[in-house]
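[1] Sequence below, structure please.
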Amino acid sequence: MLIKALLLTAAVAMVPVIELRGAIPIGMANGLPFWPAFLAGVVGNLIPVPFLILFVRKVFAFLKKKSKRLSAFVEKLEKRAESKSELIHRYELIGLTILVAIPLPGTGAWTGALVAAMMDLRMKSAFPAIALGVVIAGVIVSVISYGAATLFG
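    Residues are numbered from 1 along each chain as shown. Got it, this is the predicted structure:
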């Protein structure tokens, strides 16, 4: 049961938009203690990041060639990343960490990796900034989730 809850938590954390904002509460709801839920959420959320940073531009170029509908979707994602990149331009890697650390929709590891890829940031600098942001977001979500359960449970 513990392994199943850990794997579910990590898998949910890999899903765009949901990420660890949804994964940690799911881990908690499945009976995971604080640290296992936190670690599964953070690790799961970080798994797609290197692949996104390294390959998203190539995948986007491929999709743009396939159809007008896919091209429009990709252009929408690129514009979204561009709109988030102002923070990174202004504050560099600290801005990337802040973007990822805010546990709200439209932020997170997926958005951070997309922005890093669109800005041609190197993996060796972008990944640690994103990882730190994921850890900060994980702490915030965990404290809210487990704190709320303690207060109201």
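[2] just checking, what packs against the lowest-mean-pLDDT helix or strand in the chain?
    Confidence across the helices and strands of the chain bottoms out at helix 68-101, with a mean of 87, counting by mean pLDDT, DSSP states H and E. Packing partners of helix 68-101 (3 or more C-beta pairs under 8 Å, 6 or more residues apart in numbering; DSSP states H and E): helix 48-66, helix 109-118, helix 123-152. (C-beta placed from N, C-alpha, C; glycine too.)
[3] among these, which is nearest Thr97?
    Closest approach to Thr97 among the helices and strands packed on helix 68-101 is made by helix 123-152 (4.4 Å; C-beta to C-beta).
[4] and the angle from the closest one to helix 48-66?
    Here the directions of helix 123-152 and helix 48-66 differ by 110 degrees (axes from the mean of the first three to the mean of the last three C-alpha atoms, to 10 degrees).
[5] Please compute how far helix 123-152 lies from its chain's middle.
    Counting by C-alpha atoms, centre = their mean, to the nearest Å, helix 123-152 is centred 10 Å from the centre of its parent chain.
[6] Going by neighbour count, which residues in it are buried?
    Buried residues in helix 123-152, counting neighbours by 16 or more other C-beta atoms under 10 Å, are found at 126-127, 129-138, 140-142, 145-146.
[7] Output the contacting helices and strands for that helix.
    helix 19-29, helix 34-46, helix 48-66, helix 68-101, helix 109-118.
[8] For the residue sitting nearest the centre point of the chain, which residues are in contact?
    In the chain, the centroid-proximal residue (C-alpha atoms, centre = their mean) is Ala109; its distance is 2.3 Å. Shown in contact with Ala109 (C-beta atoms under 8 Å, 6 or more residues apart in numbering): Glu19, Leu20, Asn45, Leu46, Pro48, Val49, Val100, Ile130, Gly133, Val134.
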